[in-house]
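J.: Predicted model, plus sequence, below.
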Amino acid sequence: MASSTQLAIAKAPLMAALLRPDPTACSRDEIEHFHVLLKSAVDQCSPDNVQKCKKWMLQHITKSPARVAALGKFLVPWAASFVDCEHHHHHSKPAPASASTASVPAPKKPSAKRSRLHLLYIIGDVLHHTRVRDKDDTFAAGLEPTLPALFGSAASFVNSPKHVKKLRDLVSVWEKMGHLPSPALPAKLREAIAAGPAAAATSRRADAAGQKNGKGKAGGTPAPAKEPPFLLPSTHGDPSTAWYDLPAANWLPVLKPNSTRAMDPAQIKPLQLTPGVANAVLVDAVKSLLADVNRLYAPDVGVIGFADEENPSVTVDQMGERVELDRSTGKIVDGTTYYGWSRGFCRDMKVRRKQGRAGGGSRDFRSEQGELPRPWRQPCSGQREEYGERQKQ
């Protein structure tokens, strides 16, 4: 199951790709409308809902490789977030229906495995339109790396032979209709389907073992879930993405400190990493970033005076900035903002500016008296005429 933080992180690149003019930028309202259409089609996979969702994707996504890749990376954690809540229904009584809602039954939410299957149906409809009707491989090729993960997620249910058969039949239909861009892809999808139930059984046994160990402890407190390791990918950035759409970290090898020379776009390429478990320093940095994201999206983050539970001296001022106050004086000693400028960096720039003025090397366009420095003063008309006569001589 994907957490809300993981979904927010996966949703951000998709929104960034849709906001870029590739070829036409989408507004934030249009992007939110797409998520509503996609959720409606997954919850109720009717022809009308699927057609509306497909029409939006054909208009805004399928022609752009960058947007298709971002969509695939978002769909994997989004599909993993579909979970069943049946165990809650067995232990809680339904709320009594009021007079206004007794006659109108609430729409039944589909199960997790049916929701993941509906998502594959939507993808298959778009694949048929792009590959068979339009003869365009952009959408199929961009979504190919994430299809095994989507099928594996859809098959990760134990004791569901009919559901697994539906997934296998879907792969056969896609292969027969020519929806898949690679001849080797159907075999990969079938392997992912075959491994899905086993992975679900392993996860269920691990959860049962954790609950069993928790019952043996004092107070019956369940054992905390084991945190999965942080894994490094082989590359940071998509090799098929243009240099200006790559993550900002790909610029670091090209940037030279205190250099005015422009960067060479040909040298901006995805970073090559050593795949495997990340080291402790990197893990701590990632956890710190995720903690900042959680604080940013906390429901009470905008409340003035809200203190950080981990650090009581951290509060939120009237500008919405997280600041650290001196308990004795009440003055701001540190803090962070969402403008991209740290307080330490601003202090360094002020010191450098004062040192430049003291040495006579200030490059500021405004002087202390409020007038332009001498090189930028405009001469009066008499001075211009005198200067012109001297040039003639």
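T.: Thanks, I have it. Computed from a predicted model, the values in this text were never measured in an experiment.

J.: Is the nearest residue to D245 once chain neighbours are set aside in a helix, a strand, or coil?
T.: Leaving aside its chain neighbours, D245 sits nearest to A66 (5.7 Å; criterion: C-beta to C-beta, 6 or more residues apart in numbering). (C-beta placed from N, C-alpha, C; glycine too.) Here A66 is recorded as helix under DSSP: H, G, I helix; E, B strand; the rest coil.

J.: tally of neighbours for D334?
T.: 14 (other C-beta atoms under 10 Å).

J.: Check H33 too.
T.: 14.

J.: what's near enough to touch it?
T.: W56 (C-beta atoms under 8 Å, 6 or more residues apart in numbering).

J.: now do 6 Å
T.: For H33, the contact set (C-beta atoms under 6 Å, 6 or more residues apart in numbering) is empty.

J.: and it, what pLDDT?
T.: At H33, the model reports a pLDDT of 95.

J.: Unless I misread the structure, it falls within a helix.
T.: Yes. According to three-state DSSP, H33 belongs to a helix.

J.: With K39 as the reference, measure out to it.
T.: Distance from H33 to K39, counting by C-beta to C-beta, to the nearest Å: 11 Å.

J.: Over to V281?
T.: Relative to K39, and taking C-beta to C-beta, V281 is found at 39 Å.

J.: what about the two, which has more around it?
T.: Using other C-beta under 10 Å as the criterion, V281 and K39 rank with K39 on top: 14 against 8.

J.: can you pull the pLDDT of the more buried one?
T.: Reported pLDDT for K39: 94.

J.: ditto for S328
T.: Reading off the model, S328 has pLDDT 78.

J.: Please apply the same query to V314.
T.: On pLDDT, V314 comes in at 66.

J.: again, but for the one 4 residues further on
T.: Model confidence at Q318, expressed as pLDDT, equals 63.

J.: Checking E30 next. Helix, strand or coil?
T.: Under three-state DSSP, E30 comes out as helix.

J.: Next, count neighbours for it.
T.: E30, neighbours per other C-beta under 10 Å, totals 14.

J.: Could you do V283 as well?
T.: By other C-beta under 10 Å, 14 other residues sit near V283.

J.: May I ask you to confirm that it belongs to a strand?
T.: No. Counting by three-state DSSP, one finds V283 to be helix, located in no strand.

J.: how about the strands of the chain, start to end?
T.: Listed in chain order, the strands of the chain (DSSP state E) span 231-232, 235-236, 271-272, 276-277, 314-316, 322-325, 332-336.

J.: Okay, now the sheet partners of the third one, with direction.
T.: Translated: strand 271-272. Sheet pairing for strand 271-272, assigned by DSSP bridges, gives strand 235-236 (antiparallel).

J.: Quick one: mean pLDDT over the strand it pairs with.
T.: 86.

J.: again, but for stretch 355-374
T.: Mean predicted lDDT for stretch 355-374 stands at 53.

J.: How about stretch 286-302?
T.: Per-region confidence: stretch 286-302 scores 67 on mean pLDDT.

J.: Tabulate the strands of the chain (TSV), appending distance to S153.
T.: Formatted as TSV, the strands of the chain follow (distance: least, C-beta to C-beta, whole Å):
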stretch	distance to S153
strand 231-232	17
strand 235-236	23
strand 271-272	28
strand 276-277	23
strand 314-316	38
strand 322-325	36
strand 332-336	36
